[in-house]
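>>> When you get a sec, could you give me coordinates for this:
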Amino acid sequence: MSLPADFSPPSQRQSAANPAWPQQLLLTLTLVTAAASLFVTTRQSAPVDAFMLALAAAASITILARNLPLQSVLFAAFITAIIGGAAHGLSARTGLPFGPLSFGEQSGPQLFNCVPWTVPLIWIVVVFNSRSVARLVLRPWRKVKNYGFLLMSLTALLALIFDFALEPFARMKHLWLWQPTKMSVTWFGASPLSFIGWIFVTGLILAVIMPYLIRKQPGHPTAPDYAPLVLWLGAVTLFGINAVEAQRWSAVAVDTIIDALVAVACWRGAKW
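Now for the predicted structure:
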């Protein structure tokens, strides 16, 4: 005998209220746009890249909203965009927390004459999907006492790794340009200070938004959602393909290793 709708598990009621087709549609459009971006020149790619980024940000939000209240996800996205965008704008003005940089025309019009509108969207894509990928990796440890700390730490690490893959792409696309510093070791212009800054800013964002990304309703654990992994790996793969076209072989090697390691870690975690 079937139970009335009111007695169905909370996770099932949430899924029924938030159907999967919006995230699937946005994810498909993002991947199609990413593929189309490979057939345009660097100078002509700015509108395509901006559209792809907007789709990826929208997909990242709808994916989380499948199992969380939409208002909580939107608030978390707003906070992520504000903190991440402000950090990049501050760095362009003062050199902190990432180091001195200037934004190129390819990154789009600037908000408040400070930071391109695309930068806050980058932060939403990076933080949201790094968190979801970290959840996949940590599924075997989701019941341990310090799971929350592990999740935040791995999310920050994945955001750092994503930025490591992003920097060559940003330089090839003229999204931003790092100014010289006293540090002799750089990665496509980005100094170690940049990556330390990413860890710090990501940790700050997570400290604020994590309470809004916790399910308040009890229920059975949800099945693994691979859509964030597709977005995360797809972005790094796109960076690698662009690096091949530009013959930046060190970036190609790094992107390939990142994709392989993260895919294996998620596959092992998702089996639990």
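>>> so who does the residue minimising distance to the centre of the chain touch?
In the chain, the centroid-proximal residue (CA atoms, centre = their mean) is Val126; its distance is 1.6 Å. By CB atoms under 8 Å, 6 or more residues apart in numbering, Val126 lies in contact with Ala159, Phe162, Asp163, Leu166, Thr202. To be clear about C-beta, it is placed using only N, CA and C from the backbone, and glycine gets the same treatment.
>>> Model confidence for the residue nearest to the second one when sequence neighbours are not counted, exactly?
Nearest residue to Phe162, sequence neighbours excluded (CB to CB, 6 or more residues apart in numbering): Val126, at 5.2 Å. Note on Val126: pLDDT of 98.
>>> got a list of contacts for stretch 132-140?
Contacts of stretch 132-140 (CB under 8 Å, 6+ apart): 63-64, 142, 147, 150-151, 154-155, 158, 224-226, 228-229, 232, 262, 265-266, 268-270, 272.
>>> Please state the offset of it from the chain centre?
Centroid separation for stretch 132-140 versus its chain: 15 Å, with CA atoms, centre = their mean, to the nearest Å.
>>> Could you list the buried residues of it?
Buried residues in stretch 132-140, counting neighbours by 16 or more other CB atoms under 10 Å, are found at Ser132, Val133, Ala134, Arg135, Leu136, Val137, Leu138, Arg139.
>>> how about these in TSV, adding secondary structure and distance to Gly89?
Converted to TSV, the buried residues of stretch 132-140 look like this (DSSP: H, G, I helix; E, B strand; the rest coil; distance: CB to CB, whole Å):
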residue	secondary structure	distance to Gly89
Ser132	helix	27
Val133	helix	27
Ala134	helix	27
Arg135	helix	30
Leu136	helix	32
Val137	helix	32
Leu138	coil	32
Arg139	helix	37
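>>> From those residues, pick the one nearest Trp249.
Val133 (25.9 Å; CB to CB).
>>> I'd like the distance between that closest one and Leu158.
With distances taken as CB to CB, to the nearest Å, Val133 is found 6 Å from Leu158.
>>> Mutual contacts of the two, please.
Counting by CB under 8 Å, 6+ apart, the residues touching both Val133 and Leu158 are Trp232, Val262.
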